[in-house]
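K.L.:
After the sequence you'll find the predicted model.
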Amino acid sequence: MDARILLVEDDPSIREVTAIGLGSAGFAVTTAVDGVEGLERFRADPFDLILLDIMLPRLDGYEVTRQIRRTSTVPVVMLTARGDTMDVVVGLEAGADDYVRKPFDLPELIARIRAALRRAGTTADDVEELRIGNLVIDVAGRSVTRDGADVPLTRTEFDLLEELVRHAGQVLSRDVLLDRVWGYDYLGDSRLVDVAIQRLRSKVETDSTNPELIQTVRGAGYKAVR
């Protein structure tokens with residue numbers, strides 16, 4: 001089997017079709033029907049990825065993700081029927097790595113899952129430190145400090161910051177960032193990049209409304225200052 005996936009989805013038809021499709025793709029799938037059961041299964045068994053609906057009975061996907069993040073960095077991909085940017089903001093802030101809109105095609109979902117799993121398995125070959133402004137990025141330790149104080153970042157936020165800083169002074173388009181950070185291009189939604197940049201700035205910039213470290217280049221993308 002490729003990986004062990006916990007699918008938390010309250011709609012029985014979506015849950016069944018998705019579980020069958022993922023199983024056919026080689027994944028070992030465990031299902032849960034609501035947020036409480038999802039957390040119970042997560043705590044009982046090891047999983048390589050959590051596939052999580054946002055609108056769940058008893059405990060919604062946001063709170064499930066927050067509780068998972070207290071003890072684990074396992075990749076979380078959210079399923080949402082809602083396309084508002086604010087939903088993406090809340091999901092990323094809770095600790096989600098990616099999101100897929102319903103209705104989705106199984107090949108797209110599988111590609112996103114495989115991309116998230118690849119990112120989770122990526123390790124740094126060399127002990128390395130990157131710097132930008134008053135930030136110090138410990139690549140091997142996957143940690144960031146500002147003036148000696150820890151800056152808590154999600155897995156995706158760290159990967160995004162590292163990619164930008166490694167190419168400081170170079171403009172990276174949204175498509176390039178989708179490909180390098182999220183692991184896909186044409187399947188991606190460029191708004192995901194914008195929201196992730198917004199959340200990253202809120203944590204690393206002194207004033208996120210007037211960013212000095214990560215700049216927007218209108219019509220082109222984003223760049224980290226040299």
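P.N.:
Here it is on my side, so go on. Numbering: from 1, shown residues only.
K.L.:
C-alpha only now, for contacts and for neighbours.
P.N.:
OK.
K.L.:
Which segments of the protein make up each domain?
P.N.:
4-121, 129-224 (automatic domain parsing).
K.L.:
Reformat those into JSON lines and put mean pLDDT and mean neighbour count next to each item.
P.N.:
Formatted as JSON lines, the domains of the chain follow (pLDDT from 0 to 100; neighbours: other CA atoms under 10 Å):
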{"stretch": "domain 4-121", "mean pLDDT": "90", "mean neighbour count": "18"}
{"stretch": "domain 129-224", "mean pLDDT": "88", "mean neighbour count": "17"}
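K.L.:
ok, which stretches of the protein are helices?
P.N.:
12-24, 35-44, 61-69, 85-94, 106-121, 155-166, 174-177, 190-204 (DSSP state H).
K.L.:
For the second one, name the packing helices and strands.
P.N.:
Helices and strands in packing contact with helix 35-44 are listed as strand 4-8, strand 28-32, helix 61-69; criterion 3 or more CA pairs under 8 Å, 6 or more residues apart in numbering; DSSP states H and E.
K.L.:
among those, which is nearest residue 103?
P.N.:
strand 4-8 (15.7 Å; CA to CA).
K.L.:
Skip the chain neighbours and tell me the closest residue to residue 221.
P.N.:
Spatial nearest neighbour of residue 221, chain neighbours left out: residue 173 (4.1 Å); criterion: CA to CA, 6 or more residues apart in numbering.
K.L.:
From the centroid of the protein, which residue is nearest?
P.N.:
The centroid of the chain falls nearest to residue 97 when counting by CA atoms, centre = their mean (1.3 Å).
K.L.:
Quick check: that one touching residue 159?
P.N.:
No: Residue 97 lies out of contact with residue 159 (CA atoms under 8 Å); the separation is 10.6 Å.
K.L.:
tell me, what's touching the two both at once?
P.N.:
Common contact partners of residue 97 and residue 159 (CA atoms under 8 Å, 6 or more residues apart in numbering): none.
K.L.:
on that earlier part again, rebuild the helices and strands packed on helix 35-44 as JSON lines, extending it with distance to residue 218.
P.N.:
Shown next, in JSON lines, are the helices and strands packed on helix 35-44 (distance: least, CA to CA, whole Å):
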{"stretch": "strand 4-8", "distance to residue 218": "39"}
{"stretch": "strand 28-32", "distance to residue 218": "43"}
{"stretch": "helix 61-69", "distance to residue 218": "32"}
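K.L.:
how much space between residue 221 and residue 169?
P.N.:
Applying CA to CA, to the nearest Å, the value for residue 221 to residue 169 is 12 Å.
K.L.:
just residue 40 next, same as before
P.N.:
The value you get for residue 40 to residue 169, if CA to CA is used, is 46 Å.
K.L.:
One more: residue 182?
P.N.:
21 Å.
K.L.:
right, so of the helices of the chain, which gets closest to residue 51?
P.N.:
Taking the helices of the chain one by one with CA to CA, helix 106-121 is closest: 8.5 Å.
K.L.:
what's that closest one packed up against?
P.N.:
So helix 106-121, by 3+ CA pairs under 8 Å, 6+ apart, packs with helix 12-24.
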